[in-house]
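> Model the following, please.
(one chain, ligands or ions: 1)
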Amino acid sequence: MAAVPRASVSLRLVLAAVFGASVAAAPAGCGGASAPPAPATAAIDPATTGTIAGTVRLEGTPPDAQMIRMDGDKRCASLVPGATRATESYIVGADGTLANVFVHVTSGLEGRSFPVPETPAVLDQQQCWYTPRVVGVRVGQPFQVLNSDPLLHNVRADSTINEPFNQGQPVQGVRFSHTFSTEEVMVPVKCDVHAWMRAWVGVVDHPYFAVTGLDGAFSLPNLPAGTYTVAAWHEAAGTMTGTATVAAQGTATLTLNFKVPAA
Ligand SMILES: [Cu+2]
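Numbering: from 1, shown residues only. The predicted model follows:
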């Protein structure tokens with residue numbers, strides 16, 4: 001495949017490996033009153049697919065983390081060394097790589113539908129903290145909230161498109177299962193008992209999403225050859241998009257650079 005040029009223009013992409021006919025990018029759209037997941041369209045021949053891969057970085061210096069006191073709930077405090085924990089609004093690795101970014105395709109997949117996994121996506125509560133902080137789930141896929149702590153949590157999803165839920169979980173090991181009915185990026189999740197607990201759920205109706213780790217990397221494999229809009233969301237830095245054109249059996253590189261918002 002062709003060599004991959006790289007640039008890092010904020011709010012725009014970089015891409016490579018252009019091949020064959022491209023699909024015009026339609027306006028990004030998500031949410032709305034989409035119906036229950038349609039039956040999956042015909043399986044995609046792997047020989048016709050490629051990958052969008054890249055890295056998300058943060059430009060600028062983020063505000064310092066704040067220390068959270070967890071001694072308001074003595075049982076939380078007993079689980080956490082020092083009874084404090086730093087906020088995680090920005091988790092930045094070497095060279096500015098940015099973690100906890102939800103990356104997903106927002107256009108280019110029109111007319112396609114995909115099998116929905118039966119395996120649940122899980123949001124855990126451990127030591128009075130959500131793990132992971134950002135999680136993706138498919139429309140129609142089981143979403144489970146697990147309480148691994150020996151104390152009461154109350155998980156509240158403040159969704160604005162899907163039906164919200166509010167569920168007490170008083171017992172260690174209990175799981176609450178929910179299914180989202182339509183796309184929503186992102187659904188904020190909070191705990192009514194512990195005000196510092198924060199998580200976000202990205203609900204999409206296709207398998208092309210990822211959450212970055214400390215290396216800022218993401219990969220969206222098995223995409224049919226074509227042109228796609230890719231959106232990235234971060235809890236503090238906001239949202240941005242890029243575009244990439246994928247060739248069959250090729251890899252398009254997409255660099256997404258967030259800026260620290262002005263205070
Ligand atoms: Cu809690």
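> From now on I want contacts and neighbour counts done on CA atoms only, so please keep to that.
Noted.
> ok, and the closest non-adjacent residue to the residue of the chain found nearest the ion?
Residue nearest to the ion within the chain (C-alpha to the ion): residue 153, separated by 3.7 Å. Closest residue to residue 153 apart from its sequence neighbours, by C-alpha to C-alpha, 6 or more residues apart in numbering: residue 169 at 5.2 Å.
> again, but for residue 116
In space, residue 116 is closest to residue 141, 6.1 Å off (C-alpha to C-alpha, 6+ apart).
> Correct me if wrong: that neighbour contacts residue 180.
Yes - using C-alpha atoms under 8 Å, residue 141 is in contact with residue 180, at 7.4 Å.
> can you give me the strands for the stretch 1-150 of the chain?
Per DSSP state E, counting those that start in this stretch, the stretch 1-150 of the chain carries strands over the ranges 49-59, 67-69, 84-86, 102-107, 121-125, 130-131, 134-138, 142-147.
> Setting aside sequence neighbours, what's the nearest residue to the residue nearest the centre of the chain?
Residue closest to the mean C-alpha point of the chain, counted by C-alpha atoms, centre = their mean, is residue 102 at 2.8 Å. Nearest non-adjacent residue to residue 102, counting by C-alpha to C-alpha, 6+ apart: residue 211, 4.6 Å away.
> Quick one: residues contacting that neighbour.
By C-alpha atoms under 8 Å, 6 or more residues apart in numbering, the contact set of residue 211 is 99, 100, 101, 102, 103, 134, 135, 136, 218.
> Tell me the spacing between it and residue 149.
Counting by C-alpha to C-alpha, to the nearest Å, the gap from residue 211 to residue 149 is 25 Å.
> Repeat that for residue 255.
Residue 255 is 38 Å from residue 149, where distance means C-alpha to C-alpha.
> More neighbours: which of these two?
residue 255 (27 against 22; other C-alpha atoms under 10 Å).
> pLDDT score assigned to that one?
In this model, residue 255 is scored at 97, pLDDT.
> In a strand, it, correct?
Yes - the assignment for residue 255 (DSSP: H, G, I helix; E, B strand; the rest coil) places it in a strand.
> From what I see, it and residue 58 are in contact.
No - if you go by C-alpha under 8 Å, residue 255 and residue 58 don't touch, sitting 11.0 Å apart.
> The protein against the ion: which residues are in contact?
Residues of the chain lying near the ion by C-alpha under 5 Å from the ion: 153, 191, 193, 194.
> which among these end up buried?
Among those, those scoring as buried are 153, 191, 194 (criterion: 16 or more other C-alpha atoms under 10 Å).
> rewinding a little: tell me if I'm right that the residue nearest to residue 153 and residue 150 touch.
No - checked against C-alpha under 8 Å, the pair residue 169 and residue 150 is beyond contact range at 10.0 Å.
> out of the two, which sits in the busier spot?
A side-by-side neighbour count of residue 169 and residue 150, using other C-alpha under 10 Å, places residue 169 first with 20 against 17.
> Buried residues of stretch 248-263, list them for me.
Going by neighbour count (16+ other C-alpha under 10 Å), the buried part of stretch 248-263 is 248-260.
> what do you get for stretch 94-110?
Buried, per 16+ other C-alpha under 10 Å, within stretch 94-110: 96-109.
> Run the chain-centre distance for it.
Computed by C-alpha atoms, centre = their mean, to the nearest Å, the chain-centroid distance of stretch 94-110 equals 7 Å.
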